Every structure is written in structure tokens, then in C-alpha cells.
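> with the input below, show me the fold.
(chains A, B, C and D)
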Number of protein chains: 2
Amino acid sequence: MVKDHENFNFLHFLILVHLLSNGGKNNYLEVTSSQMSRLINRSQQTASKVLIDLERENLIERVKNNKKFGIKLTDEGYQSLKDIYEILKKSMEVSADKQIIFKGKIVTGMGEGAYYMSLEGYRKQFYNKLGYKPFPGTLNVKLIDARYINSRRDLINHPSIHIDGFRNSDRTFGWVKCYTATITAVARSSYTLNSTPQHYKEGNVHVLLLERTHHDNSLIEVIGPHNIKETLKLKDGDNVVIKIRE
Amino acid sequence: MVKDHENFNFLHFLILVHLLSNGGKNNYLEVTSSQMSRLINRSQQTASKVLIDLERENLIERVKNNKKFGIKLTDEGYQSLKDIYEILKKSMEVSADKQIIFKGKIVTGMGEGAYYMSLEGYRKQFYNKLGYKPFPGTLNVKLIDARYINSRRDLINHPSIHIDGFRNSDRTFGWVKCYTATITAVARSSYTLNSTPQHYKEGNVHVLLLERTHHDNSLIEVIGPHNIKETLKLKDGDNVVIKIRE
DNA sequence: ATTACTAAGGGACGAGTAG
DNA sequence: TCTACTCGTCCCTTAGTAA
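Residues are numbered from 1 along each chain as shown, chains lettered A, B, ... in the order given. As a prediction, the model looks like this:
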């Protein structure tokens, strides 16, 4: 993947990085094996061995002066670090897009959702903060895989649109967190994060997290401007993918 | 330096990177120890051990579903990678500035330099390409440390201003490569790349590399618009630092 | 002070295998 | 299939020491 020279371990990596960060790409640095050993938290002997290895693998060039060495990265040594850097960079960029994926089956809710959606205390905020008046009723998606159930549990830590709670004459109603998402119907149950799903239609929706929920973490409630079931032609038991974006 | 959890090796690093690049910061990925083993070029047993270690160190979170695991980076795991990334990034930035440093002593040249500087075939090009008419005569700097002698040998691979060779009725004259540099007189001979020199005065000059040189790699020839020795009050035997910038 | 060899101990790795 | 245990082997690390 990164380095197919067999003998490339973390110590080699650390030493190369240290050389690079001290100008070792263009200059022969005066570094001793004792200095290096302190840096990598190993003995002088080990540091010496690492330097010998790096030289053998043509990742550094050493020139002896008296007892000390002048050490410089070779082009190959620099390229090794650059390769690792590019891979890490790409990975960090991937992770910058905070997409969370759920997969589950459409189930029939208990009618609770429709009740909540009908309350003016929520509807006004939905309109102001989400930009639409939600279809009265939530789509319930049942998560099967433990992975998604865990992700659902972690959802509360992610950025969301906050709907305040309120009270009427009877009782108080808790806050609701809304997560911007897209929902997609999938053909078969073979979808994983790594495969490409055969998708049909996509809808822009919001996933809800209620302060006072009776639901377990295996159930997701979704709202949208229209009747999602109709728009996407969904029946109970159909598989859907929900992608949440920050 | 990077990671003081003792048991953090290159395999741990590779696995974390793979998870990150596949969205494992926000999702529980379905990855098996066999997949990982192929990725890191080790046995399934070793991959399994790595995953156990990473979980123990709280760098990943695993949730079992049937026999497989869903795996996600913890915040700490992500931070570990980010730390390494930031260090690498900083190192790459340092290396982007291609400064090369030489240290040596002023010596008296053989008068060759003055002769070459007087040739109109060179003087016209110096004026056009360097922006000044060089003082007739080169400053010769003797490199003592093998590190600098080696750097001098590598100089030919670095970007330079090219002065074409020419011929007159008698003979041909080779090309000359010019490297933009600053020269600084230093107080004592204690200067290394890592320490801060006590410098006196600085001059903008060019280091020359001649196609047909009789000099060994331990001698550097420097030209400038004025008499460098006088401007910097240099005597033979004085120490100077020459910094070359791209 | 350096670098680096040798010998010995311990930890990493993989084959076999259980659950 | 999966994960992960045991255990044998080998490599990595270090102390001692030479140059």
C-alpha cells in the first residue's frame, strides 16, 4: 500500500520525518544516533540500526566526517514521505465531508409522528428553520445492522438544526434535532458502505431526533415537504439508504 | 513525539488510515480481519491482533454484528492521525523552501576567477541574467566539513541561472551555472545547521558552477556586484555561511 | 565523544485451531 | 465463514563493548 520495502516500520518513518522537518531534503544534517534515539524513544543501538537500514534501502544518504555522520534524505526517501503524506491528505479530505449513512427498512409507525407534526409549536419552527411545511406524518425506518444502530446512537453528537421545545396548556414538548439528509430507495438488501447501490429515486428530507422519544436506537424518523412514501413509491419492508450531510 | 502510547506501530497506522479514507470517522465500516490482513500484508491473526490493540487503546470502536464487526474511528483515533498529518504537513512545507547551506573559510584563489570575469562573453550574460556587472574576481570559499562538500557536489541538480559557453579565436569556454545566494560572515567556527550563528553583515551574491572546473568539490566560487571581501570586511581564514535559495 | 558489532531476552508474527 | 486463542519461531531491541 504505502511502502513495499519490507523493512519499513514506524521508527524508520519517524526518523525520516525528523530529517525532513530539519531541512534534510537539501542539506546533510549533522545528527547522531544518540540524538535520534532520544527522538524515537529507543536505545542508541536501535537508532544506529535504523540509520543503517535506511541507508541500505536508499532512503537516506550518509557521509562520514570524523566520527559523526552528515545525513540527507535521498529523492527516494523524500518520495516515500510524500506518498504517505498524500495518502493521509486524501484521507483527511474524505473525512472532512461528514456524511453518515444508514440503511434500513420502511416500517409503519405508531402514528405518533403525525401527531407531533400537526402541532403548531413545531410546524412554525420547521417552516422557519427547514424552509418547508413538513408533510403531516413521519416515515419510520427500521435499522437492522448493529453498525447503523450504533451510528444512530452517535447522531446526537453531530451538527443539527435545533427545534425548541414548548408548552401548551396541557403539557410540555421537548426539543427536536433535525439532520439534513437524502433518502434513496435501493433495489436489494446487498448494500454496504463499500458497494455501489442500484438506486431509484432520491428525496431531500430531514432525520429527526426527539428529546423525549420512546423509540430505541434502531428506529429513524424522517420528515420531508411531501409524502415520502408516495414520492419514492415505497412500501413497508422496502430498503432505503439515508445519507446525512452536515 | 507523535504518539506516546507505546504499542503504536506502522501496522496500527496503516489500519487507521484505511479506516479514515473509507469514511470510518463517521460510520461503522464493515471490515473483516482478513480484508485488513491483505491490506497490511500480514496474516489474519496479526490483523485481528492489531484491531484488538487499537480497540484497547481506544483508537477504534467496534460493534459486533453476527460474526463480523462494524468499526469506526474514535475521536482519539482520528486525532492521532490528524497529529501525524499536521507534523508531516509542516515538514513538507519546510522542505518546500529549498535552502541549501554551506559553511567554509575564505581562501585566496589562483587568479583564474578574475580572468574569467573579465571575458566579455561572460560579462554580457551576467549583466543580462543576473542584473549586475560582477566585480572582476571571485571569492573562493573552502569547505571543510564533508557534509558541505557533498552538498556542493549535489548542487548541479538544483535550479540555476544558466550562462552559455562561447568561443573566441583561441578556444572555447564552457557554460556556467549561477545560484542566487546570500553570504554572511560568522563570528566563530561553531556554526551548525541547528544553531543560530552570530552574524555580522550579509551580501547578495551568486555561487558559480563552471563546466570546466579544475576545482574539487571543497571549493566554492562566489561573485557579486562589489568586492565582497571589502564589503564584508573579510580576511583569508574568516568563516562565512552561504545560503542558496531557489 | 562517536558508530556499530555480538549475544541474549522479549515481543511480534503466523500456523493451527476452537468457538 | 467470522474472531481470536495458544504456542513456536524469528526478528527487533538492548546491554555490553570494541574501534
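> quick one: low-confidence ranges for chain A?
A:1-6, A:111, A:188-200, A:214-215 (pLDDT under 70).
> break it down into its domains, please.
A:10-96, A:100-244 (automatic domain parsing).
> the first one near DNA strand C at all?
Yes - for domain A:10-96 and DNA strand C, the contact criterion (C-beta under 7 Å from any atom of the strand) is met by A:31-34, A:44-45, A:48, A:51-52, A:67-69. All C-beta spots, glycine's among them, are computed from the backbone N, C-alpha and C.
> now these: which count as buried?
A:31-33, A:48, A:51, A:68-69 (16 or more other C-beta atoms under 10 Å in any protein chain shown).
> my guess is A:W175 contacts A:L208, does it?
No - applying C-beta atoms under 8 Å, one finds A:W175 not in contact with A:L208, separated by 10.6 Å.
> returning to that earlier point: closest to A:E76 out of the residues of domain A:10-96 next to DNA strand C?
A:L51 (15.5 Å; C-beta to C-beta).
> what helix or strand is that closest one on?
helix A:44-56 (DSSP states H and E).
> can that helix be said to contact DNA strand D?
Yes - contact of helix A:44-56 with DNA strand D (C-beta under 7 Å from any atom of the strand) involves A:45-46, A:49-50.
> and the residues of domain A:10-96 next to DNA strand C, which two are the farthest apart?
The span of these, defined through C-beta to C-beta, is set by A:Q45 and A:K68 at 16.8 Å.
> farthest residue from the center of chain A?
A:N66 (51.9 Å; C-alpha atoms, centre = their mean).
> measure that residue to chain B for me?
8 Å (C-beta to the nearest C-beta, to the nearest Å).
> about what we covered before: may I see the buried ones among the residues of domain A:10-96 next to DNA strand C arranged in JSON lines, with secondary structure as well?
JSON lines is the format used below for those (DSSP: H, G, I helix; E, B strand; the rest coil):
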{"residue": "A:V31", "secondary structure": "strand"}
{"residue": "A:T32", "secondary structure": "coil"}
{"residue": "A:S33", "secondary structure": "helix"}
{"residue": "A:S48", "secondary structure": "helix"}
{"residue": "A:L51", "secondary structure": "helix"}
{"residue": "A:K68", "secondary structure": "strand"}
{"residue": "A:F69", "secondary structure": "strand"}
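> so which of those reach chain B?
Among these, no residue lies close to chain B (C-beta under 8 Å from any C-beta of the partner chain).
> now the helices for chain A?
Remark: helices assigned in chain A by DSSP state H are A:10-21, A:33-40, A:44-56, A:75-96, A:112-117, A:120-130, A:146-154, A:228-231.
> in JSON lines, list the ones you listed along with distance to B:N7.
Formatted as JSON lines, the helices of chain A follow (distance: least, C-beta to C-beta, whole Å):
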{"stretch": "helix A:10-21", "distance to B:N7": "11"}
{"stretch": "helix A:33-40", "distance to B:N7": "15"}
{"stretch": "helix A:44-56", "distance to B:N7": "16"}
{"stretch": "helix A:75-96", "distance to B:N7": "20"}
{"stretch": "helix A:112-117", "distance to B:N7": "48"}
{"stretch": "helix A:120-130", "distance to B:N7": "47"}
{"stretch": "helix A:146-154", "distance to B:N7": "25"}
{"stretch": "helix A:228-231", "distance to B:N7": "48"}
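> is stretch A:12-25 in proximity to DNA strand D?
No - judged by C-beta under 7 Å from any atom of the strand, stretch A:12-25 and DNA strand D are separated, with a smallest distance of 8.8 Å.
> distance from that stretch to the middle of the chain?
30 Å (C-alpha atoms, centre = their mean, to the nearest Å).
> any bit of it sitting next to chain B?
Yes - judged by C-beta under 8 Å from any C-beta, stretch A:12-25 comes into contact with chain B at A:13-14, A:17-18, A:20-23, A:25.
> wait, which of the residues you listed is closest to DNA strand D?
A:L14 (10.5 Å; C-beta to the nearest atom of the strand).
> tally of neighbours for the residue lying closest to that closest one once chain neighbours are set aside?
Spatial nearest neighbour of A:L14, chain neighbours left out: A:I40 (5.1 Å); criterion: C-beta to C-beta, 6 or more residues apart in numbering or on different chains. By the measure other C-beta atoms under 10 Å in any protein chain shown, the count of residues near A:I40 is 19.
> residues in contact with A:I40?
A:11, A:14-15, A:46-47, A:50, B:1 (C-beta atoms under 8 Å, 6 or more residues apart in numbering or on different chains).
> quick one: the residue nearest to A:L88 when sequence neighbours are not counted and A:S91, what's the gap?
Once flanking residues are discounted, A:L88 sits nearest to B:Y85: 4.7 Å by C-beta to C-beta, 6+ apart. Taking C-beta to C-beta, to the nearest Å as the criterion, B:Y85 is separated from A:S91 by 8 Å.
> please identify which of these two sits among more neighbours.
Higher neighbour count among B:Y85 and A:S91: A:S91, with 22 against 19, using other C-beta under 10 Å.
> what residues are up against that one?
Counting by C-beta under 8 Å, 6+ apart, A:S91 makes contact with B:17, B:20-21, B:81.
> please list only the buried members of these.
Buried, going by 16+ other C-beta under 10 Å: B:17, B:20-21, B:81, out of the contacts of A:S91.
> just give me the closest of the contacts of A:I40 to DNA strand D.
A:T46 (3.0 Å).
> am I right that the closest one is in contact with A:S34?
No - A:T46 lies out of contact with A:S34 (C-beta under 8 Å); the separation is 11.2 Å.
> farthest-apart pair in the contacts of A:S91, please.
B:S21 and B:L81 (10.0 Å).
> quick check: closest non-adjacent residue to A:S43.
A:S43 sits nearest to A:S37 (C-beta to C-beta, 6+ apart), 5.7 Å away.
> what residues does chain A have near DNA strand D?
When proximity is defined by C-beta under 7 Å from any atom of the strand, chain A lies next to DNA strand D at A:7, A:9, A:11, A:37, A:42-43, A:45-46, A:49-50.
> from the buried ones among the contacts of A:S91, which are also near chain A?
B:17, B:20-21, B:81.
> and which of these is nearest B:K243?
B:L81 (35.2 Å).
> from the buried ones among the contacts of A:S91, which is closest to A:N150?
For those, the nearest to A:N150 is B:L20 (17.7 Å; C-beta to C-beta).
> pull the contacting residues for that closest one.
Taking C-beta under 8 Å, 6+ apart as the test, what B:L20 contacts is A:91-92, A:94-95, B:73, B:78, B:81.
> any idea which of those is closest to DNA strand C?
Distances from DNA strand C to the contacts of B:L20, taken by C-beta to the nearest atom of the strand, are shortest for B:L81, at 19.0 Å.
> gap between the closest one and B:F8?
11 Å.
> if we can go back for a sec, common neighbours of B:Y85 and A:S91, please.
Common neighbours of B:Y85 and A:S91 (C-beta under 8 Å, 6+ apart) do not exist.
> hang on, the earlier thing: hmm, which two among the contacts of A:I40 are most spread apart?
Distance extremes for these: the farthest pair is A:T46 and B:M1 at 15.1 Å, using C-beta to C-beta.
> show me what contacts the nearest residue to A:P136 once chain neighbours are set aside?
Closest residue to A:P136 apart from its sequence neighbours, by C-beta to C-beta, 6+ apart: A:M117 at 4.6 Å. When contacts are counted by C-beta under 8 Å, 6+ apart, A:M117 touches A:123, A:134-138, A:223.
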